[in-house]
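Q: With the sequence up front, the predicted model follows.
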Amino acid sequence: MLRRMDRWFESFAVGRKFYGELAPHRGSLIRIGLYSLLLALMGILRPWPIQWIFDGALAPQGEARFPFATVVWTGVVASILIALLQAGLTYVEGMSVARVSHQFTRQLRYRVFSHLAFLSPLFHAKHKSGDLMVRLMGDVPMVTSMMVESTVELSARTALVAGIVGVMLFLDPVLTLALFVTVPFVGVMSPAMALNSVVFPAPFGPRTASRSPRATSMSTPNRVR
């Protein structure tokens, strides 16, 4: 856990050095953020038409307020519209992210190449040209992925989680708080349950041995003599 936090802080420190390169793309990033919010909204609204069909037609509580066919057709049309909007927003967001990533990569490569061009000949004599080209062509896309694509994906996931939690609190605050209480226990028990099985190599493929006392048998293939 501490190693992951150290890596996260290290990546954040590296990313701060390139925030200035994102300033020319501020408008595009704001539009991408709006697309991400709309996608999060579509993800939150996607289950509601199904609930509308179940509560209003398939399993109504009490007397149905609307005809069966009306409830089903409105739910189906709403589901299709949400799916189409989600697909369109995903396409537009992907194209916008690709365009910003391409421009950011070109801008960062130009900055690195300009820096290398003004270095002394002694620096180029000490370092191989192939290594410098690998840094220029390979490391720059990694920085772009961290600064643009990963940031957009993290923002979209955060907005979706925040929206889902908001809806859960609106529908049932007590149940939501009870769920939050159990999350730390699940996070602690999941690694322990993952360590419950040990996989080790065998002559005819891997076998899995369980530490659980309930495991009574372990199947292995018969050897061919």
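A: That came through, no problem.
Q: Count residues in the vicinity of residue 153, would you?
A: 13 (other CB atoms under 10 Å). Heads up, the C-betas are built off the backbone N, CA and C, glycines and all.
Q: can you check the one 10 residues further on too?
A: The local packing of residue 163 (other CB under 10 Å) involves 16 other residues.
Q: What's the first helix or strand after the top helix by length along the chain?
A: Ranked by residue count and defined by DSSP state H, the top helix of the chain is helix 68-117. Beyond helix 68-117 on the C-terminal side, the first helix or strand identified by DSSP states H and E is helix 121-126.
Q: what comes up buried for the very next helix or strand once past that following helix?
A: Going down the chain from helix 121-126, the next helix or strand is helix 129-134, by DSSP H and E. Neighbour counts over helix 129-134 (16 or more other CB atoms under 10 Å) mark residue 132 as buried.
Q: Equivalent analysis for stretch 144-164, please.
A: Judged by neighbour count using 16+ other CB under 10 Å, the buried positions of stretch 144-164 are 144, 147, 148, 149, 151, 152, 155, 156, 159, 160, 163.
Q: Among these, name the ones in strands.
A: For the buried residues of stretch 144-164, not one is inside strands, with DSSP state E as the criterion.
Q: Take these and keep only those in helices.
A: Of the positions in these, 144, 151, 152, 155, 156, 159, 160, 163 sit in helices, assigned by DSSP H.
Q: Show me what the longest helix of the chain packs onto, helices and strands only.
A: Applying 3 or more CB pairs under 8 Å, 6 or more residues apart in numbering; DSSP states H and E, one finds that helix 68-117 contacts helix 26-45, helix 48-53, helix 140-144.
Q: Which of those helices sits closest to residue 94?
A: Nearest of those to residue 94, taken as CB to CB: helix 26-45 at 9.3 Å.
Q: list the helices and strands that closest one packs on?
A: If you count contacts as 3+ CB pairs under 8 Å, 6+ apart, helix 26-45 packs onto helix 68-117, helix 150-171.
Q: Now do that helix against helix 150-171, angle only.
A: Comparing the axes of helix 26-45 and helix 150-171 via axes from the mean of the first three to the mean of the last three CA atoms, to 10 degrees yields an angle of 40 degrees.
Q: Contacts for helix 26-45, please.
A: 22, 82, 85-86, 89-90, 92-93, 96-97, 99-100, 152, 155-156, 159-160, 162-164, 167 (CB atoms under 8 Å, 6 or more residues apart in numbering).
Q: quick one: it to helix 68-117, angle?
A: Angle of helix 26-45 versus helix 68-117, following the same axes, to 10 degrees, is 150 degrees.
Q: hey, C-alpha coordinates of helix 26-45 in CSV?
A: Presented in CSV, the C-alpha positions along helix 26-45 are these (Å, rounded to 0.1, in the frame of the first residue of the first chain):
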residue,chain,number,x,y,z
ARG,A,26,-7.7,24.1,-21.9
GLY,A,27,-10.9,24.6,-24.0
SER,A,28,-10.7,21.1,-25.5
LEU,A,29,-10.2,19.6,-22.0
ILE,A,30,-13.2,21.5,-20.7
ARG,A,31,-15.4,20.1,-23.5
ILE,A,32,-14.0,16.6,-22.8
GLY,A,33,-14.9,17.1,-19.1
LEU,A,34,-18.5,18.0,-20.1
TYR,A,35,-18.7,14.9,-22.3
SER,A,36,-17.5,12.8,-19.4
LEU,A,37,-20.2,14.3,-17.1
LEU,A,38,-22.8,13.6,-19.7
LEU,A,39,-21.6,10.0,-20.0
ALA,A,40,-21.7,9.6,-16.3
LEU,A,41,-25.3,10.9,-16.4
MET,A,42,-26.2,8.4,-19.1
GLY,A,43,-24.6,5.6,-17.0
ILE,A,44,-26.7,6.6,-14.0
LEU,A,45,-29.9,6.9,-16.1
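Q: Perfect, that will be all.
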